[in-house]
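J.: Sequence unavailable; structure follows:
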């Protein structure tokens with residue numbers, strides 16, 4: 001089963017948001033004397049955004065069983081919500097905006113997947 005163009009775009013939007021979030025968190029983590037420099041919370045978000053990037057790319061390009069794609073969709077939204085909450089607690093508005101973009105991508109991904117299933 002190959003992803004349709006719209007599913008592909010939604011998953012790529014999630015991947016782009018995750019990549020941007022990863023870069024933001026990487027800079028925040030390694031910025032000396034920053035408010036969240038070398039904190040466990042920033043490291044957690046760093047790992048979570050990297051995993052979100054891998055899951056979104058797998059959902060976009062990987063041919064997998066339907067149950068695995070459903071599991072990836074659930075894990076991606078848990079990651080988006082958790083990372084967004086951490087971004088709020090770490091006071092990183094740019095990361096929060098990236099997660100909002102990822103949430104929009106997740107909605108587009110699910111909406112286009114529903115259109116593909118009903119056709």
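T.: Perfect, I can see it now. Nothing here was measured: the structure is a model prediction, and the numbers come from that model.
J.: Got the phi and psi for residue 36?
T.: When read as degrees, to the nearest 10, the backbone of residue 36 gives phi -120, psi 20.
J.: just residue 102 next, same as before
T.: Torsion angles at residue 102 (phi, psi; degrees, to the nearest 10) stand at phi -60, psi -40.
J.: Just give me the neighbour total for it.
T.: Applying other CB atoms under 10 Å, we find 28 residues neighbouring residue 102. Bear in mind the C-beta positions are built from the backbone N, C-alpha and C, glycine included.
J.: Residue 13 is in contact with that one, correct?
T.: Yes - counting by CB atoms under 8 Å, residue 102 sits close enough to residue 13 to count as a contact (7.2 Å).
J.: helices or strands up against the lowest-mean-pLDDT helix or strand in the chain?
T.: Scoring the helices and strands of the chain by mean pLDDT, DSSP states H and E places helix 93-118 at the bottom, with a mean of 86. For helix 93-118, the contact count by 3 or more CB pairs under 8 Å, 6 or more residues apart in numbering; DSSP states H and E identifies helix 5-30, helix 40-61, helix 66-89 as packing neighbours.
J.: what's the spacing between the second one and its chain's center?
T.: On the basis of CA atoms, centre = their mean, to the nearest Å, helix 40-61 is displaced by 6 Å from the centre of the chain it belongs to.
J.: Residue 37: what secondary structure?
T.: What DSSP: H, G, I helix; E, B strand; the rest coil gives for residue 37 is coil.
J.: Quick one, grab the pLDDT at it.
T.: Residue 37 is assigned a pLDDT of 90 by the prediction.
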